[in-house]
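Engineer: Fold the stuff below for me.
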Amino acid sequence: MKMPPLTPFEQAVILNKGTEPPFTGQYWNHKEKGLYHCRQCGTPLFSSDAKFDSGTGWPSFDEALPGAVKELPDADGLRVEIVCAKCGGHLGHVFRGEGFTPKQTRHCVNSVSLIFEKKG
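Structural biologist: Just a heads-up that it's a prediction; the model follows:
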């Protein structure tokens, strides 16, 4: 998937590890079936089947596609950052043990870090 150049806001989040405000991103309340890809490189990251409503204002997924997401200690020392395993683009953070789903995992992702491909 060929990706267009990043906008300044996309650069601020994806390259400089920023965060979009909650309840503002294109995908936080998105319900269509399909795949969410990395906005920077186009790699498939998450299936809509793993998406759930966490009430946090960001897209939440209880699992990533195998090998698609890499976890790194966050600079704040408190959280775990998630990045695209292919290009290293910042996606958001992963949280465990919150009880939202049986998988006990919430990949909290910035909408601006994603691009959606509708199923079919």
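Engineer: do you know how far the residue most central in space within the chain is from residue 120?
Structural biologist: Closest residue to the average C-alpha location of the chain: residue 109 at 3.0 Å, with CA atoms, centre = their mean. Separation of residue 109 from residue 120 (CB to CB, to the nearest Å): 23 Å. (Glycine included, C-beta is placed from N, CA and C.)
Engineer: Can you tell me how far residue 55 is from residue 89?
Structural biologist: Residue 55 is 26 Å from residue 89, where distance means CB to CB.
Engineer: In terms of neighbours, single out the busier of the two.
Structural biologist: Counted by other CB atoms under 10 Å, residue 55 and residue 89 do not tie: residue 89 has more neighbours, with 21 against 9.
Engineer: and the residue nearest to that one when sequence neighbours are not counted, what does it touch?
Structural biologist: The shortest distance from residue 89 to any non-neighbouring residue, by CB to CB, 6 or more residues apart in numbering, is to residue 40 (3.9 Å). Going by CB atoms under 8 Å, 6 or more residues apart in numbering, residue 40 touches 3, 6, 10, 14, 84, 87, 89, 113.
Engineer: so is residue 40 in a helix, a strand, or just coil?
Structural biologist: coil (DSSP: H, G, I helix; E, B strand; the rest coil).
Engineer: In terms of pLDDT, where does it sit?
Structural biologist: Note on residue 40: pLDDT of 97.
Engineer: Phi first, then psi, for it.
Structural biologist: Backbone torsions of residue 40, given as degrees, to the nearest 10, read phi -80, psi -50.
Engineer: what does residue 8 give?
Structural biologist: Taking degrees, to the nearest 10 as the convention, residue 8 sits at phi -60, psi -40.
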